[in-house]
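Novice: Show me the folded form of this:
(one chain, ligands or ions: 2)
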Amino acid sequence: MTPAAFIHARRKALGMNAFELADAAEITTRRLRAIEDGNRPDHHEAERISAAIGDVFDVLADLLDGRTNIRLCSNCGCHEDAPCCINGHAHPCGWAGPTLCTHCADSSHAIMAFDPEAQRYFTHAAVL
Ligand SMILES: [Zn+2]
Ligand SMILES: [Zn+2]
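Specialist: Ligands and ions are numbered 1, 2, ... in the order given. Model prediction:
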């Protein structure tokens, strides 16, 4: 997963729109969109964005360092050190598949994500 895809997935999983995350991270919405399009955030931006999407600086820093093979949920961007107990989930998630967490496996989005064709559509749709 790229840093841009990770930030985008976490933002969506948290139910935040671009304006809300930009506001929380104290950057402009235009800058956030550029970062989600693949522009590299500087260190301070990465810190503030990470704090706003669930305190995931270690994961984001690894992705920015090029370690893109970290095991993350392809749907919500959660990680073993940052499982999704967000959105009212009472318990942290586990792994339902190689790149899918148990919470997302329960959702209709994730069922689509099992299908490579649907995954491509879903990924594309999510970016729009
Ligand atoms: Zn997930
Ligand atoms: Zn999860």
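Novice: and the protein, which residues reach ligand 2?
Specialist: 73, 78, 84, 93, 101, 103 (CB under 5 Å from the ion). Using the backbone N, CA and C atoms, a C-beta is placed for each residue, glycine as well.
Novice: Tell me which of those residues fall in helices.
Specialist: Residues of the residues of the chain next to ligand 2 located in helices (DSSP state H): His103.
Novice: Out of the residues of the chain next to ligand 2, which is nearest to Ala13?
Specialist: Among those, Cys84 lies closest to Ala13 (CB to CB), at 6.2 Å.
Novice: isn't that closest one right next to Asn75, touching?
Specialist: No - using CB atoms under 8 Å, Cys84 makes no contact with Asn75, being 9.7 Å away.
Novice: which neighbours do those two share?
Specialist: Residues touching both Cys84 and Asn75 (CB atoms under 8 Å, 6 or more residues apart in numbering) are 13, 101.
Novice: Is stretch 6-14 positioned near ligand 1?
Specialist: No - against ligand 1, stretch 6-14 shows no contacts by CB under 5 Å from the ion, the least distance being 6.7 Å.
Novice: From the chain's centroid, how far away is that stretch?
Specialist: Relative to its chain's centre, stretch 6-14 lies at 3 Å (CA atoms, centre = their mean, to the nearest Å).
Novice: Tell me where this protein has helices.
Specialist: Under DSSP H, the chain gives helices at 3-13, 18-25, 29-36, 43-52, 57-64, 102-105, 108-113, 116-127.
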